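Quick one: sequence and predicted model below, then my questions.
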Protein chains: 2
Amino acid sequence: MASQVRALVFDAYGTLFDPFAVRTRAEELFPGNGTALSQLWRAKQLEYSWLRTLMGRYENFWKITEDALVFSCHTLKLSCNEHQRKQLMQVYLTLPAFPEVKSALEKLSPMPLSILSNGTLEMLTAVVAASGMAHFFQHIFSVDSLRIYKPRPEVYQHAATSLGIPKESIGFVSSNYWDIAGATMFGFQTYWLNRNSSIPDELGVTPSVVLGNLAELPRTLA
Amino acid sequence: MASQVRALVFDAYGTLFDPFAVRTRAEELFPGNGTALSQLWRAKQLEYSWLRTLMGRYENFWKITEDALVFSCHTLKLSCNEHQRKQLMQVYLTLPAFPEVKSALEKLSPMPLSILSNGTLEMLTAVVAASGMAHFFQHIFSVDSLRIYKPRPEVYQHAATSLGIPKESIGFVSSNYWDIAGATMFGFQTYWLNRNSSIPDELGVTPSVVLGNLAELPRTLA
């Protein structure tokens, strides 16, 4: 039988914060290309985080996010000047929370809540403050202090060690299946937030629980 | 000034062997979906190799290639039975060489030539034999003996150590930019085979030389 969850750790981008605003701004700047640009940008942002970790050549998430944007614009033949690039990067600092997030966090907040993200502390502090959610979180953990990215097990270990709670009593919530895979393999109890009815990756693991949105989490833990 | 290249190491899939046959077979089995299936399959195959290495949960390339195929069919809502899956997997064992490869290898073959690939030794031996190119290669190095995938530096180190040649005197040839990035950071002299005029990734490295096809390599080294 599973241990009782004593603390919750949340991924940030796509889990608490809705990246849809990226597509909207991309579409404003490059009409007809918003979807393609935002999708390629996100795919390359993740790819660069994995490749740089494998190669042992860390750069922080702000830098690789900008690198991924530059590559994506070149590939899509979009002439993106410095001002436009800054406008797109700024969106990351002000992404709104998904609609159900605040009320779910209120119900969950008797428990210690934290964020564990690839983002830098500056990026995370900004986006949390912009959405008025700073009071919910006991800790904001960034991979930046470790200079490696998810899903390396040391990243999940860092959160567990800092919280001082056994990993099997920590619930980890992410909409990214590969992140859930890493957290499950590490030993967290895992809650896959599958808002878009995606197909789970074939990585040899199964999350503890699958949720359609964050509003389902309080009653799942009750 | 760059050292003289004393040995050449080639990536296999997409570099020596043309994966176009995968799309052809996919199109035969799932008309109208060949391009989408082959592209998603390849993207997921690489993603799984990176993620499993980051998570420390190695499975060999045959297994993750099949896993990636299963995921891709589910995602594209293609009902792929076991027979069809086997047919698609078999294509990997008989991929043809790109048209210019044999004549280029003949010109290069006074130098020791090797393969360094994510594929298993069984997969690589089969595809090399099927194209009648076994006699060109002194070594076929598979990451399978190390249980980690490219672009981890240990993979490139393995080839250098086995060859007993200083890394700066080894020329590494790949059409995959991320592979070239890893090999460049490791310290090989690198030849990026950019057959499709792709945009280089923003990973903070530059290959030693960019080639349009393999026929250009003998005169580049002359």
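In hand now; what should we look at?

and the spatially closest residue to A:Gly204 that is not a sequence neighbour, how many neighbours does it have?
Nearest residue to A:Gly204, sequence neighbours excluded (C-beta to C-beta, 6 or more residues apart in numbering or on different chains): B:Arg57, at 6.7 Å. Heads up, the C-betas are built off the backbone N, CA and C, glycines and all. Neighbour count of B:Arg57, defined by other C-beta atoms under 10 Å in any protein chain shown: 17.

helix, strand or coil for B:Arg57?
coil (DSSP: H, G, I helix; E, B strand; the rest coil).

quick one: pLDDT of it?
pLDDT for B:Arg57: 98.

residues contacting it?
A:185, A:203-204 (C-beta atoms under 8 Å, 6 or more residues apart in numbering or on different chains).

mind listing the helices for chain A?
A:20-29, A:34-55, A:61-75, A:82-91, A:101-108, A:121-130, A:153-163, A:177-186, A:217-221 (DSSP state H).

Name the residues of chain A found near chain B, please.
A:44, A:47-48, A:50-57, A:59, A:67-68, A:70-71, A:74-75, A:149-153, A:178, A:181-182, A:185, A:198-199, A:201-204 (C-beta under 8 Å from any C-beta of the partner chain).

re earlier: in a markdown table, list the helices of chain A along with mean neighbour count and distance to B:Phe141.
Putting the helices of chain A into a markdown table (neighbours: other C-beta atoms under 10 Å in any protein chain shown; distance: least, C-beta to C-beta, whole Å) gives the following:
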| stretch | mean neighbour count | distance to B:Phe141 |
| --- | --- | --- |
| helix A:20-29 | 17 | 41 |
| helix A:34-55 | 20 | 18 |
| helix A:61-75 | 20 | 29 |
| helix A:82-91 | 14 | 41 |
| helix A:101-108 | 17 | 48 |
| helix A:121-130 | 18 | 40 |
| helix A:153-163 | 18 | 27 |
| helix A:177-186 | 25 | 28 |
| helix A:217-221 | 15 | 47 |
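
Of all those helices, which one is nearest B:Lys63?
Nearest of those to B:Lys63, taken as C-beta to C-beta: helix A:177-186 at 15.3 Å.

Chain B versus A:Leu29, what's the distance?
For A:Leu29, the distance to chain B equals 19 Å [C-beta to the nearest C-beta, to the nearest Å].

Quick check: closest non-adjacent residue to A:Leu121.
Closest to A:Leu121 by C-beta to C-beta, 6+ apart is A:Ser142, at 4.6 Å.

residues in contact with that neighbour?
Going by C-beta under 8 Å, 6+ apart, the list of residues near A:Ser142 reads A:117-121, A:124.

which pair in those residues spans the largest distance?
A:Asn118 and A:Leu121 (11.5 Å).

quick one, what contacts A:Leu211?
A:Leu211 neighbours (C-beta under 8 Å, 6+ apart): A:173, A:191-194, A:217, A:220.

How about A:Asp18?
A:95-98.

cool, A:Val91 as well?
A:21-22, A:25.

Ok, A:Asn33 next?
Taking C-beta under 8 Å, 6+ apart as the test, what A:Asn33 contacts is A:26-27, A:76, A:78.

Which pLDDT value goes with it?
98.

cool, A:Met1 as well?
53.

now A:Phe20
88.
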